[in-house]
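> Sequence unavailable; structure follows:
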């Protein structure tokens, strides 16, 4: 019940706030006055009537033994007249040419019951219509007069008006004429005063269920429970009939029918809670009139109930309405929201109707059409709209919250996934490092030592220089394999650092200088996806280039250039160039399979290695015999491939 | 590595060589003797200890896996008894496992068993001149130990807490294959000071005593008291 949509900024000063509040109050009051005026204007509109020529207003009234002339509409001063009801006698003329048409008698409004007799024959008794017995409803009555009863010329009509309170008796003008002319007016009144209340009551029943469910699901908001109870009481009241006889069951009926003060008490409490009021222990005062009336209904007689109803229920409804109007106005001023505003307008309409009804009861109005009950429907419309508004807003909030939650969960999931990937990566690296350590120990203890011995022995004998070279190459390769298994964190420069040492060791005996040029300060871009097998392929390719320079080119200097090329697409790519100053050679086409020369095989190997790591290999060489040397340029991919596709 | 030799100085260098593989021992001995160094070749720890009893060599070259023990013990003893002796470990693969374990007990360099004879002689001469050799992979191993990782990578324990940021920068340069000259220019150092920095790094990685080892382990949170 707490709408925190206070649009008054907290930094506003007290005076500013006061001015804003009073200007809002004036606006609100003006709006309510406008609504009240509109309601009064609408109530002043009389309903369409049948042709005036069929209206019968001149009657002779015999009441309590006295007979006098009256003109309808007539207010009886009696509050109870069941045994000796006032009798209105009059006459109407049926022209001779009307005999073919069915004639009816139409009574738009009466309290409480009528019995209509035409030419001594009873044609209508409203007491058998339960809806007509409710004084708070404006039930019309119509009856077709049997043709046999009517005759041309003057016909006698007599109406007995039964009065059982709680208000005084009333008989509006009546019409006697062709049924087809009277019926539309009757139908309209019946629609407004009989059918419409049923529709509203059904609506109320639905609201009772909805609010009941809401209260059951949200026990901490008792306002919903109260409103649901009010709706339920209203529905019970609307569909129960006015008891005519004294039965055990009828006492319950009396209690329910006179439940208006309980209902208004419930609605009042709802409005108070809705506007932020806290329940206080003196709150039960609200229900005193309702309980008193219920007790009277249970233990007293019907007459007592009716009297109490007039003096307890009607003021109770009015007082409730006034309190609600004040409370809602305050609520609208304090927390500007649509629900309170709608409720306030509905209360104004209802209050206006209630005042008009009261005037009509006290015969200040020429007619007796009660609209308070009908205007209650306006309130229901307001409540229904308000609740729907709140519900939709709450759903929007839930949607927004759910949306935010989904985003947060997705973010958390991605973080988790990323951290899981990192963790996996770390575990993989750790496993690789352990494996490398194990392999290193094995090689150190076995193969490595044996190879070293071979190198030493071959040098000693002076005969097996080739064997020594082979053993040294094997050792070099072993070191490469172990080195490449080390986690270099995607920085190929770290692998090239070791390679430089090995290349220098290889070139030194041949008196070839190694010129190492890292052109860009950072060397090569870092590739997180770099794997040991990529490193091995690249280093072996570079080895091949250096070996070619040593064995075939007769070079004096090998230059290694390392740089990062800024590509036009914004993706930086690393580039490694191995250049020698020796004899060049004719570069065989890439697809030539018949590699006769060793150099050709070496070139093919280099091409295949480059392809496996997704790098571009660019070979350039001066023609055989010239001193332009050979240049091997390896352009690394922006991203190394995940799997060794070319090997598969 | 300076290939220009200074013959007069080289003659004075005394080397104690410990290697159990006979062909390798001969090879190393040949390479050093041809360079004019005074070499005593031994095949076991016991022989080497006996030689040390006669006096301190200028350089100790030792293998690690020996028939009667581990070279690390000899390095530690020599370091304690003869602080002026330069110690170098002979490694097959130049891997951090052997090199780092030797450095932590006092070695200041390593030699590959299959190195060419001229390189062997030059390395020993440089070492005596105060230029400790270091490989890219060893430098890489050390700098990676300076990075705080939740779980120490496998391999020998290493305390890098004493290294200065400048020394770590030098190690990074070596790991990435930059020459001393390039490193010196990047870090605004004199080219001649870089080898001295390397030796200083080795010295800082050395664990001098048991007590110090325990102290450092506590400092690094490896041991909880």
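In hand now; what should we look at? As the structure is a computational prediction, the values presented were derived from the model and not from experiment.
> can you give me the strands in chain B?
All strands of chain B, identified by DSSP state E, fall at B:14-18, B:38-42, B:59-62, B:65-66, B:69-70, B:86-91, B:110-112.
> Scan the helices and strands of chain A for the one with the lowest mean pLDDT.
Scoring the helices and strands of chain A by mean pLDDT, DSSP states H and E places helix A:248-257 at the bottom, with a mean of 68.
> Remind me what whichever helix or strand comes after it packs against, helices and strands.
Toward the C-terminal end, the helix or strand that comes next after helix A:248-257 (DSSP states H and E) is helix A:260-274. On a contact count with 3 or more C-beta pairs under 8 Å, 6 or more residues apart in numbering or on different chains; DSSP states H and E, helix A:260-274 meets helix A:222-239, helix A:288-299, helix A:314-334, helix A:338-361. (Glycine included, C-beta is placed from N, CA and C.)
> now do 7 Å
Here helix A:260-274 touches helix A:222-239, helix A:288-299, helix A:314-334, going by 3 or more C-beta pairs under 7 Å, 6 or more residues apart in numbering or on different chains; DSSP states H and E.
> Longest helix in chain A, please.
Counting residues, the longest helix found in chain A (DSSP state H) is helix A:372-443.
> before we move on, the earlier item: which one of the helices and strands packed on helix A:260-274 lies nearest to chain B?
helix A:222-239 (55.0 Å; C-beta to the nearest C-beta).
> other SSEs contacting the closest one?
If you count contacts as 3+ C-beta pairs under 7 Å, 6+ apart, helix A:222-239 packs onto helix A:196-217, helix A:248-257, helix A:260-274.
> Then residue A:558 would be within a strand, right?
Yes. Assessed with DSSP: H, G, I helix; E, B strand; the rest coil, residue A:558 lies in a strand.
> What is the neighbour count of it?
28 (other C-beta atoms under 10 Å in any protein chain shown).
> now residue A:516
Residues contacting residue A:516 under the criterion other C-beta under 10 Å number 19.
> before we move on, what about residue A:347?
The burial count for residue A:347: 28, using other C-beta under 10 Å.
> got a list of what it touches?
A:321, A:324-325, A:328, A:379 (C-beta atoms under 7 Å, 6 or more residues apart in numbering or on different chains).
> out of the residues you listed, which one sits closest to residue B:204?
residue A:328 (82.6 Å; C-beta to C-beta).
> Now do the SS call for the closest residue in space to residue A:641 that isn't next to it in sequence.
Setting aside the residues directly before and after it, residue A:641 is nearest to residue A:614 in space (C-beta to C-beta, 6 or more residues apart in numbering or on different chains), at 4.7 Å. For residue A:614, the secondary-structure state derived from three-state DSSP is coil.
> From chain B, how far off is residue A:614?
Separation of residue A:614 from chain B (C-beta to the nearest C-beta, to the nearest Å) stands at 23 Å.
> Show me what the helix or strand where residue A:498 lies is packed against.
Using DSSP H and E, residue A:498 sits in helix A:492-507. If you count contacts as 3+ C-beta pairs under 7 Å, 6+ apart, helix A:492-507 packs onto helix A:465-484, strand A:513-518, helix A:532-548, helix B:136-146, helix B:165-175.
> now that helix: how far from the chain's centre is it?
Here helix A:492-507 is found 65 Å from its chain centre; the criterion is C-alpha atoms, centre = their mean, to the nearest Å.
> likewise stretch A:31-42?
35 Å.
> Let me see the mean pLDDT of that stretch.
Averaged across stretch A:31-42, the pLDDT comes to 90.
> How about stretch A:137-148?
Stretch A:137-148 comes out at a mean pLDDT of 88.
> Now it: buried residues?
A:137-143, A:145 (16 or more other C-beta atoms under 10 Å in any protein chain shown).
> now the residues you listed in a markdown table, with distance to residue A:206 and secondary structure?
Below are these laid out as a markdown table (distance: C-beta to C-beta, whole Å; DSSP: H, G, I helix; E, B strand; the rest coil):
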| residue | distance to residue A:206 | secondary structure |
| --- | --- | --- |
| A:137 | 21 | coil |
| A:138 | 25 | coil |
| A:139 | 24 | coil |
| A:140 | 28 | coil |
| A:141 | 30 | strand |
| A:142 | 31 | strand |
| A:143 | 35 | strand |
| A:145 | 41 | strand |
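> just those now: which is nearest chain B?
residue A:137 (83.1 Å).
> quick revisit: hey, which of the strands of chain B is tucked in deepest?
Among those, ranked by average contacts under mean count of other C-beta atoms under 10 Å in any protein chain shown, first place goes to strand B:59-62 (a mean of 26).
> For residue A:15, find the nearest of the strands of chain B.
Comparing the strands of chain B under C-beta to C-beta, the one sitting nearest is strand B:110-112, at 86.8 Å.
> got a pLDDT number for residue A:488?
77.
> and if you look at residue A:407?
Note on residue A:407: pLDDT of 90.
> One more: residue B:129?
Note on residue B:129: pLDDT of 85.
> Tell me the backbone dihedrals of it, please.
Main-chain dihedrals, residue B:129, degrees, to the nearest 10: phi -80, psi 0.
> I'd like to know how many residues surround it.
Residue B:129 is flanked by 13 other residues according to other C-beta under 10 Å.
> how much space is there between it and residue A:424?
48 Å (C-beta to C-beta, to the nearest Å).
> Kindly report the same for residue B:189.
Relative to residue A:424, residue B:189 is positioned 41 Å away (criterion: C-beta to C-beta).
> And the two? Which one has more around it.
When neighbours are counted by other C-beta under 10 Å, residue B:189 and residue A:424 differ, and residue B:189 comes out ahead with 17 against 10.
> Could you list the domains of chain B?
Domain assignment for chain B, taken from automatic domain parsing, gives B:7-128, B:136-219.
> Would you indicate which residues of whatever helix or strand comes next after the longest helix of chain A are buried?
As assigned by DSSP H and E, the chain's next helix or strand after helix A:372-443 is helix A:449-461. With burial defined by 16+ other C-beta under 10 Å, the residues of helix A:449-461 counted as buried are A:449, A:451-459.
> Just list the residues touching the closest residue to residue A:307 other than its chain neighbours, thanks.
Leaving aside its chain neighbours, residue A:307 sits nearest to residue A:166 (6.1 Å; criterion: C-beta to C-beta, 6+ apart). By C-beta under 7 Å, 6+ apart, the contact set of residue A:166 is A:306-307, A:309-310.
> Which among these count as buried?
Using 16+ other C-beta under 10 Å as the burial test, these include A:306-307, A:309 as buried.
> Sort out which one of these lies nearest residue A:388 for me.
Relative to residue A:388, and with distances defined as C-beta to C-beta, the nearest of those is residue A:309, at 33.8 Å.
> pLDDT wise, what is the closest one at?
At residue A:309, the predicted lDDT confidence score is 79.
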